[in-house]
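1. Fold the following and give me the result.
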Amino acid sequence: MKNEKKIQAPPASDYLRGQKEAAQYARVSTRTISDWQARRVIPFLKPARKLVLFRKSDIDQALSKFEVTAI
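-> Numbering: from 1, shown residues only. The predicted structure is shown next:
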């Protein structure tokens, strides 16, 4: 109890860091995210060599393209 550190959640952001977080948000596999990146289905930012950022709004917009409406 003496040396317990309180872990705080990071502030809410519109950005997802990496394919794993993007896949969890979109509820698809990381392979699907990788495929979407290659086919330019979802835009992404690459500010550093090993860092890829995705916007939640861009993923939502890409997912809406796959939506099938009822007849």
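
2. how near is residue 15 to residue 71?
-> Using CB to CB, to the nearest Å, we find residue 15 at a distance of 37 Å from residue 71. C-beta coordinates here come from the backbone N, C-alpha and C atoms, glycine included.

3. Likewise for residue 30?
-> Counting by CB to CB - residue 30 and residue 71 are separated by 34 Å.

4. ok, the two, which is more surrounded?
-> Taking neighbours as other CB atoms under 10 Å, residue 30 and residue 71 compare with residue 30 leading, 14 against 3.

5. Make sure the more buried one is actually in contact with residue 24.
-> No - using CB atoms under 8 Å, residue 30 is not in contact with residue 24, being 9.1 Å away.

6. Using CSV, list the CA coordinates for stretch 23-41.
-> The C-alpha trace of stretch 23-41 is given here as CSV (Å, rounded to 0.1, in the frame of the first residue of the first chain):
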residue,chain,number,x,y,z
ALA,A,23,-7.7,-3.4,-35.3
GLN,A,24,-9.1,-3.5,-31.8
TYR,A,25,-11.1,-0.3,-32.4
ALA,A,26,-12.5,-1.6,-35.8
ARG,A,27,-12.9,-5.2,-34.4
VAL,A,28,-10.9,-6.7,-37.3
SER,A,29,-7.6,-8.5,-37.5
THR,A,30,-4.3,-6.7,-37.7
ARG,A,31,-3.9,-8.4,-41.1
THR,A,32,-7.0,-6.6,-42.3
ILE,A,33,-5.6,-3.3,-41.1
SER,A,34,-2.4,-4.0,-43.0
ASP,A,35,-4.3,-4.9,-46.1
TRP,A,36,-6.4,-1.7,-45.8
GLN,A,37,-3.2,0.3,-45.5
ALA,A,38,-1.7,-1.3,-48.6
ARG,A,39,-5.0,-0.7,-50.6
ARG,A,40,-5.3,2.8,-49.2
VAL,A,41,-8.8,2.1,-47.7
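
7. shaky segments in this protein?
-> The model of the chain has pLDDT under 70 over residues 1-11.

8. Nearest to the spatial middle of it, which residue is it?
-> Centrality entry for the chain: nearest residue to the mean C-alpha point is residue 22, 2.2 Å, by CA atoms, centre = their mean.
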